[in-house]
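> attaching a predicted model along with its sequence, questions to come.
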Amino acid sequence: MASGTDTRVSKDSQLYKDYDHLFLNTFETESIIIMVEGNDVGSAALLKATDRLGQQVEPVPGVVGITSPASIIKQINYGLTGRSRVPDSDTEVREIMENHGENFAALVPDKTHMMISVEIEGGSTDQQQEDILKAVEISAKEAVFPPGLQSYYHRPPCPDA
């Protein structure tokens, strides 16, 4: 008994090569996780900084997307007001987070921690991952996070290892 694409299509065929390329570069992704710790992760200032980080990192080659509390708030706010932005007031931010708590559960486990996921292309090399991580670190500094926060990065193991 056997399974896998190579049991039906030869690894040398163009169909297999196209499928492998499509899967690795389109469907398979890895993530760099940024954990942010502070007194209150529901503040407008923090979420605006998170949004700036996402806007700076998203165009980096190899980055497929950014998922963060700020990106979720922007989607919800667009549905409510027609504007895709983080609200200016802490009250508006907290109201959205409380009224749509199920959308934030995975990224905001409590009031002092939040996670940001930077999705990167599957099959990226160790060097490409290092370059993306450097871009994330630089963008985190330039995003002007409020004082008193700490962030931690986790990079997946290189697929070449």
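Structure's in. What do you need? Numbers count the residues shown, from 1 in each chain.

> please make it C-alpha for all contacts and neighbour counts, starting now.
Fine.

> any weak-confidence spans in this structure?
Filtered on pLDDT under 70, the chain yields the residue ranges 1-9, 14-28, 150-161.

> run the chain-centre distance for the longest helix seen in it.
Identified as the longest helix of the chain according to DSSP state H is helix 126-142. Offset of helix 126-142 from its chain centre (CA atoms, centre = their mean, to the nearest Å): 13 Å.

> what do you get for stretch 52-61?
The chain centroid and the centroid of stretch 52-61 are separated by 10 Å under CA atoms, centre = their mean.

> for that stretch, measure first residue to last.
17 Å (CA to CA, to the nearest Å).

> what does it contact?
Contacting residues not belonging to stretch 52-61 are listed as 63, 64, 65, 66, 132, 135, 136, 139, 140, 142, 143 [CA atoms under 8 Å, 6 or more residues apart in numbering].

> now do the buried residues in that stretch.
52, 53, 54, 55, 56, 57, 58 (16 or more other CA atoms under 10 Å).

> circling back: pull out the CA atoms of the longest helix of the chain and give them to me as CSV.
Output in CSV follows, covering the C-alpha atoms of helix 126-142 (Å, rounded to 0.1, in the frame of the first residue of the first chain):
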residue,chain,number,x,y,z
ASP,A,126,17.2,29.5,5.8
GLN,A,127,18.7,32.6,4.3
GLN,A,128,15.3,33.9,3.0
GLN,A,129,13.8,33.3,6.5
GLU,A,130,16.8,35.2,8.1
ASP,A,131,16.2,38.1,5.7
ILE,A,132,12.5,38.2,6.6
LEU,A,133,13.2,38.0,10.3
LYS,A,134,15.7,41.0,9.9
ALA,A,135,13.0,42.9,8.1
VAL,A,136,10.5,42.1,10.9
GLU,A,137,13.0,43.3,13.5
ILE,A,138,13.7,46.6,11.7
SER,A,139,10.0,47.2,11.0
ALA,A,140,9.2,46.6,14.7
LYS,A,141,11.6,49.3,15.7
GLU,A,142,10.2,51.7,13.0
